[in-house]
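*Asks:* structure of the sequence below:
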Amino acid sequence: MSKENGEGKFAQKWVSYRPEIKVLDVTIRDGGLMNNHHFSDEVVRGVYDACVQGGIDYMEFGYKGSKKIFSSPEHGPWKFCDEADVRRIVGDNDTSLKLSVMADAERTDYKEDILPADQSVFDMIRVATYIHQIPVALDMVKDAHDKGYETTVNVMAASTVGERELDGALELLASSEVDCIYLVDSFGSFYSEHVHFLMQKYLKFAGARGKTVGIHAHNNQQLAYANTIEAAIKGANLLDSSMAGLGRGAGNCQTELLLGFLHNPRYRLRPVLNCIQEHIEPMRQELRWGFDLPYMITGLLNQHPRAAMDFKSEEGGGDLVKFFDSLVSSE
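*Replies:* Next up, the predicted model:
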């Protein structure tokens, strides 16, 4: 039996699946938050090739960061995702894989730096916004939509937003040109009941206007994969993941786990495992992402992981109990 036939047989074990579910791999974009986007072309090409060969639907290269705010070479090329840099990896991307890039509200010169879609190798613009930036995000979505892109809005730190405020934001987003609204567990603080409640809310607003809902989960409490599954079961159709969970702090839902769960025959696990072995795991000792007690503590306390990242950068690792006490006292 060939490897390809063997993997196909593995995929066929699943009796049914939702073909409308899409996987968006964020390995390079979210992982870039651990090394200031200084991935080599070899690593980026390795992830790209694995996404193509693995049948993954979208790959996110990085950010469209403003060069007026962020400097180079402090930040690597994937902080800016200039067309020439991306095309150096993908050419014209004559594949079924779609490419996305993230644009942070108030940190992107989107009117100038995001070209019309027919001049770009990108297919999707993903706008990341905090709740107070929604007006800017709406203008960014309209700009990207008018230029011909697929669009999403990722509402960051949803765990810190009051219900009335969130409802108002979702109503505005559902009335906009955006294609997909993302539930984002920025601090890795959600449990399954949070995902169930919020997915119901997001789907109520999005579904009424023909929008889809996505999920981006962080792994502070080792629940990113479980929460992504819960969101998919409840109706999320765009699922974020990264290879070996590479991402800021505790990392993300693992692409390899997600592909295995979905059992869609168009997905192939072997190229992803090969990329992890050849390109991702060799970076673990230096980048030090993934579940760890300091990230668990910030997740439990619904706090930004930057405090845990600072703690982990201390020589000798610091005093874990003192770190816990300092965060609890600041609550």
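*Asks:* show me where pLDDT drops low in the protein?
*Replies:* 1-16, 316-317, 331 (pLDDT under 70).
*Asks:* which residue ranges make up the domains of it?
*Replies:* 3-286, 292-329 (automatic domain parsing).
*Asks:* show me where the protein has strands.
*Replies:* Per DSSP state E, the chain carries strands over the ranges 22-25, 58-63, 98-104, 124-129, 150-155, 180-185, 212-217, 238-241.
*Asks:* could you redo those strands as TSV and give each row distance to A174 and mean neighbour count?
*Replies:* Heads up, the C-betas are built off the backbone N, CA and C, glycines and all. Converted to TSV, these look like this (distance: least, CB to CB, whole Å; neighbours: other CB atoms under 10 Å):
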stretch	distance to A174	mean neighbour count
strand 22-25	20	24
strand 58-63	22	26
strand 98-104	20	23
strand 124-129	15	26
strand 150-155	10	24
strand 180-185	7	24
strand 212-217	10	26
strand 238-241	16	27
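*Asks:* now distance to G249 too, for the ones you listed, in JSON lines please.
*Replies:* Shown next, in JSON lines, are the strands of the chain (distance: least, CB to CB, whole Å):
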{"stretch": "strand 22-25", "distance to G249": "18"}
{"stretch": "strand 58-63", "distance to G249": "17"}
{"stretch": "strand 98-104", "distance to G249": "17"}
{"stretch": "strand 124-129", "distance to G249": "16"}
{"stretch": "strand 150-155", "distance to G249": "17"}
{"stretch": "strand 180-185", "distance to G249": "12"}
{"stretch": "strand 212-217", "distance to G249": "13"}
{"stretch": "strand 238-241", "distance to G249": "15"}
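*Asks:* those strands: which one's closest to A84?
*Replies:* strand 58-63 (12.6 Å; CB to CB).
*Asks:* for D57, give me phi and psi.
*Replies:* phi -80, psi -40 (degrees, to the nearest 10).
*Asks:* what's the closest non-adjacent residue to it?
*Replies:* Nearest residue to D57 in three dimensions, chain neighbours excluded: K22, at 4.0 Å (CB to CB, 6 or more residues apart in numbering).
*Asks:* gap between that neighbour and K234?
*Replies:* 16 Å (CB to CB, to the nearest Å).
*Asks:* thanks a lot, catch you later.
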